[in-house]
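Chemist: sequence-free structure coming up:
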Ligand code: IMP
Ligand code: MG
């Protein structure tokens, strides 16, 4: 795999659109940089899957913006399907994993590329890959927009990675916090006071405050 661009810890506030300044502390990856990198990933995938029987399997819901932008740059025949996963746990912490939508397409003997928003601890992808492997695809690879190496628990590797990011909780471009912020056109970092339980939400700080109105038992859709 080619070198993955690494994003540094944000030092500056500033580029956050006025509407979002109360919630978003910094833009980590701007819209234009995301667009350029997603096009580059698409070129790489297109080269690697020429003449193959490609099935993209995207995880709901976090892949929505990444996937839409990736597939429009893929000029090759492909099929597309989705798997739904939710975890039950508090705000930013992982919990028990539940499948909310099963795969519909037949993937046996086909070249499967799993698309996810972010590879964090690796728990989600490990479970998803285990399931897919049982269906005996011809090949099975992983494409993620973001990767946080620091938090890996499971030995999952992604074959295509958009950006490596520091250990920060990020939102936007499909990624959410309590189902909010998925529609932001950039990847940003929230003000620490809004986050609940994620150790490092901002350089040098640990968050302690609870977000009002959020129940511990609420499912968190990926
Ligand atoms: P895992 O820890 O690798 O299993 O990641 C599980 C899921 O948690 C990802 O697919 C995301 O939906 C979510 N996630 C992990 N880190 C972040 C983050 O920084 N912001 C928003 N969602 C995240
Ligand atoms: Mg996800």
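Modeler: Structure received. Note that this is a predicted model, so its numbers are computed, not measured. Residues are numbered from 1 along each chain as shown. Ligands and ions are numbered 1, 2, ... in the order given.
Chemist: I'd like the average pLDDT over the lengthiest strand in the chain.
Modeler: As assigned by DSSP state E, the longest strand anywhere in the chain is strand 78-88. For strand 78-88, mean pLDDT is 93.
Chemist: can you pull the pLDDT of residue 193?
Modeler: 85.
Chemist: Residue 20 too?
Modeler: On the pLDDT scale, residue 20 is placed at 93.
Chemist: Ok, residue 37 next?
Modeler: You'll see residue 37 listed with a pLDDT of 98.
Chemist: Would you mind listing what in this protein touches ligand 2?
Modeler: Within the chain, the positions near ligand 2 by C-beta under 5 Å from the ion are 62, 117, 222. (Glycine included, C-beta is placed from N, CA and C.)
Chemist: what about the last one, how many neighbours?
Modeler: Just to be clear, that refers to residue 222. 23 (other C-beta atoms under 10 Å).
Chemist: For this structure, which segments count as helices?
Modeler: All helices of the chain, identified by DSSP state H, fall at 31-48, 64-71, 123-134.
Chemist: The shortest one vs strand 78-88, what angle?
Modeler: Pointing back at helix 64-71 there. 160 degrees (axes from the mean of the first three to the mean of the last three C-alpha atoms, to 10 degrees).
Chemist: in helix 64-71, what counts as buried?
Modeler: Neighbour-count burial for helix 64-71, with 16 or more other C-beta atoms under 10 Å as criterion, is recorded at 64, 65, 66, 67, 69, 70, 71.
Chemist: list the contacts for the closest residue to the first one other than its chain neighbours?
Modeler: Nearest-residue entry for residue 64: residue 174, 4.9 Å, with adjacent residues in sequence omitted and distances by C-beta to C-beta, 6 or more residues apart in numbering. With contacts defined as C-beta atoms under 8 Å, 6 or more residues apart in numbering, the neighbours of residue 174 are 61, 62, 63, 64, 65, 66, 67, 117, 145, 182.
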